[in-house]
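> for reference, the sequence and a predicted model appear below.
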Amino acid sequence: MAKESEIKLLGTIASSYVNRVQFALNLKSINYEYIEEDLANKSKLLFTSNPVYKRVPVLIHGDKSICESQVILEYLDDIQPDSHPLLPPAPLDRANCRFWASYIDTKFFPLYDEMRRTRRQAGKEAIKEQMIEATRLLEEALIKSSNGKAYFGGDEIGFLDVMLGSCIRWMKFIDDLNDFDTFDEVRVPELGKWAKNISSHEALKSATPDKETLDVFFAGANAHRPPYDD
Amino acid sequence: MADEVKLYGVDGSPYVCRVKIALNIKKIGNEYVVEDLSNKSADLLKYNPVHKKVPVLLHNGKPISESLVIVEYIDDAWKAAPILPRDAYEKAQARFWAKFIDGKCIPAIFMAIGSHGEEQAVAEAHEQLQFLENELNVKGKKFFGGDNINLVDIAATFIAYWVGAAEEALGIKLVTKDKFPKLIEWGGNYINCQAVKDGLPPREILVAFFKKRFGSA
């Protein structure tokens, strides 16, 4: 078990990517020191530990820093393989996890920032169509991967549960502003049930920001990466 | 039972090339199926319904898509000649740089190529390439993987080989020896590795591709 002072997490409470790492740390019962970053006034530590992207999350383990949430998740699995492993053991199942993780981060989750930045209704409707398609695919992936159990990982929360579960809160926030329901239990029954279920899990609940925090984050996002000019 | 390995791809794709190189490193016998992307095969659509893209690896009938996912799969499934480091932190670094190449570096290079070497686009590509140059400087070894090539070298195949073809096709200079001496040296060493050499397409087809896709009238 990693010593308390050994692991630090640089983050902002509102960030889904930070929540993702917190979720994993909680599941693995890894003690860590959380350091809140002010993204409008980035610390020297952030710049030196993540010179390439200058963003959170950053995991600092002793004198080493690990960046990018998915990379951090795999790192945590590598240093604590016996404590709630996230990735499954079989190569094919691992590839399946990595495939969908890539889909979530490159094709699905970015739609929510697109939605935030798109003002015109026609544009918003087009994005909703993409969200519907993405959740259709993820519904199928969940059914296949879970084998009738509660999670993508089966009986236990796995890699994809953490990758996607941490995004639910922000997705709901954007949904509420746009008359949409990503995890509509009529349209995607299994995914909808899964989202409700995982959102109430202790390890994620304690890593989920409240509405006030997200309101501030949303305002910051609008200032930093503003909506598109029509 | 012998493994049945099939790779669906096109010669010009740097992503397909990554997989070819990984298969070569591990000395995995495979059947290479050339796809016509303007008329995708039923197999491709069946094995990669989400993206409908190459490369797709078929291992004993099971498909795997996305080049970096495939390369990690190959490393997981065949233990000889490891492509990823053993050490957890080194592994994380390798994954980080591979993602960086895909997420930031290659897109910036493509913009620079597509704009025919427009100043701002080139500056942005250089900014990303500088991180890789620094990494080679700090590492002080022949390859990103040290003495042997690893996931990062494989991910950077585009930089070692495709960029030169684009420069020739369009008469632009992107990765120059004065600005990126380490990258140039690395590229030369990298494409000389047997496993890499055996996987690269003929340069002429790449030059022709870039001329056709981005060449001016």
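Noted; the coordinates are in hand.
> report whether the longest helix anywhere in chain A contacts chain B.
Identified as the longest helix of chain A according to DSSP state H is helix A:121-146. Yes. Helix A:121-146 is in contact with chain B by Cβ under 8 Å from any Cβ of the partner chain, via A:Leu137. No exception for glycine: its C-beta is placed from N, CA and C like everyone else's.
> other SSEs contacting that helix?
helix A:91-103, helix A:110-117, helix A:159-165, helix A:189-199 (3 or more Cβ pairs under 8 Å, 6 or more residues apart in numbering or on different chains; DSSP states H and E).
> tell me the residues of chain B that contact chain A?
Counting by Cβ under 8 Å from any Cβ, chain B sits next to chain A at B:50, B:59, B:62, B:64-66, B:68-70, B:72-73, B:76-77, B:88-89, B:91-93, B:95-96, B:99-100, B:104, B:131.
> going through those, which ones are buried?
Burial by neighbour count, 16 or more other Cβ atoms under 10 Å in any protein chain shown: within the residues of chain B next to chain A this picks out B:50, B:59, B:64-66, B:68-70, B:72-73, B:76-77, B:88-89, B:91-93, B:95-96, B:99-100, B:104, B:131.
> chain B is nearest to which of the helices and strands packed on helix A:121-146?
Ranking the helices and strands packed on helix A:121-146 by proximity to chain B (Cβ to the nearest Cβ) places helix A:91-103 first, at 3.7 Å.
> can you name the residues in contact with that closest one?
For helix A:91-103, contacts defined as Cβ atoms under 8 Å, 6 or more residues apart in numbering or on different chains pick out A:70, A:87-88, A:134, A:137-138, A:141, A:145, A:152, A:158-160, A:163, B:50, B:59, B:62, B:64-66, B:68-70, B:72-73, B:76-77.
> just checking, which of the buried ones among the residues of chain B next to chain A belong to helices?
Reading helices off these with DSSP H, I get B:68-70, B:72-73, B:76-77, B:88-89, B:91-93, B:95-96, B:99-100, B:131.
> where are the low-confidence patches of chain A?
Filtered on pLDDT under 70, chain A yields the residue ranges A:1-5.
> ignore the last one, chain B
Counting by pLDDT under 70, chain B contains low-confidence ranges at B:1, B:216-217.
> and the strands in it?
Ranges of strands in chain B, per DSSP state E, are B:5-9, B:31-34, B:56-59, B:62-65.
> got the phi/psi numbers for the closest residue in space to B:Val152 that isn't next to it in sequence?
The shortest distance from B:Val152 to any non-neighbouring residue, by Cβ to Cβ, 6 or more residues apart in numbering or on different chains, is to B:Phe144 (3.6 Å). Main-chain dihedrals, B:Phe144, degrees, to the nearest 10: phi -60, psi -30.
> report how many residues lie close to B:Phe144.
B:Phe144 has 24 neighbouring residues, counting by other Cβ atoms under 10 Å in any protein chain shown.
> ok, now B:Glu119?
9.
> rewinding a little: which one of the strands of chain B is the most hemmed in?
Most buried of those, by mean neighbour count (mean count of other Cβ atoms under 10 Å in any protein chain shown): strand B:56-59, with a mean of 24.
> can you tell me what sits against it?
Here strand B:56-59 has contacts from A:92, B:3-9, B:19, B:44, B:47-48, B:63-65, B:70, B:73-74, B:77, using Cβ under 8 Å, 6+ apart.
> what residues does chain A put near chain B?
Counting by Cβ under 8 Å from any Cβ, chain A sits next to chain B at A:51-52, A:61, A:64, A:66-68, A:70-72, A:74-75, A:78-79, A:91-92, A:94-95, A:98-99, A:102-103, A:137.
> out of these, which are buried?
So, of the residues of chain A next to chain B, A:61, A:66-68, A:70-72, A:74-75, A:79, A:91-92, A:94-95, A:98-99, A:102-103, A:137 end up buried under the neighbour-count rule (16+ other Cβ under 10 Å).
> my guess is B:Ile70 contacts B:Lys20. True?
No. The criterion here is Cβ atoms under 8 Å, and B:Ile70 misses it with B:Lys20 at 10.5 Å.
> which elements pack onto the helix or strand harbouring A:Leu214?
When elements are assigned from DSSP states H and E, A:Leu214 belongs to helix A:211-224. Secondary-structure packing of helix A:211-224 (3+ Cβ pairs under 8 Å, 6+ apart): helix A:110-117, helix A:168-177.
> can you tell me what sits against the last one?
Identification of contacts with helix A:168-177 by Cβ under 8 Å, 6+ apart yields A:16, A:19, A:109, A:112, A:115-116, A:180-183, A:195, A:198-199, A:208-209, A:211, A:214, A:218.
> put the alpha carbons of that helix into CSV.
The C-alpha trace of helix A:168-177 is given here as CSV (Å, rounded to 0.1, in the frame of the first residue of the first chain):
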residue,chain,number,x,y,z
ILE,A,168,-21.7,11.3,-15.9
ARG,A,169,-21.9,14.3,-13.7
TRP,A,170,-20.6,16.8,-16.3
MET,A,171,-22.7,15.1,-19.0
LYS,A,172,-25.8,15.6,-16.9
PHE,A,173,-24.9,19.2,-16.3
ILE,A,174,-24.7,19.9,-20.0
ASP,A,175,-27.8,17.8,-20.7
ASP,A,176,-29.8,19.9,-18.3
LEU,A,177,-28.9,23.1,-20.2
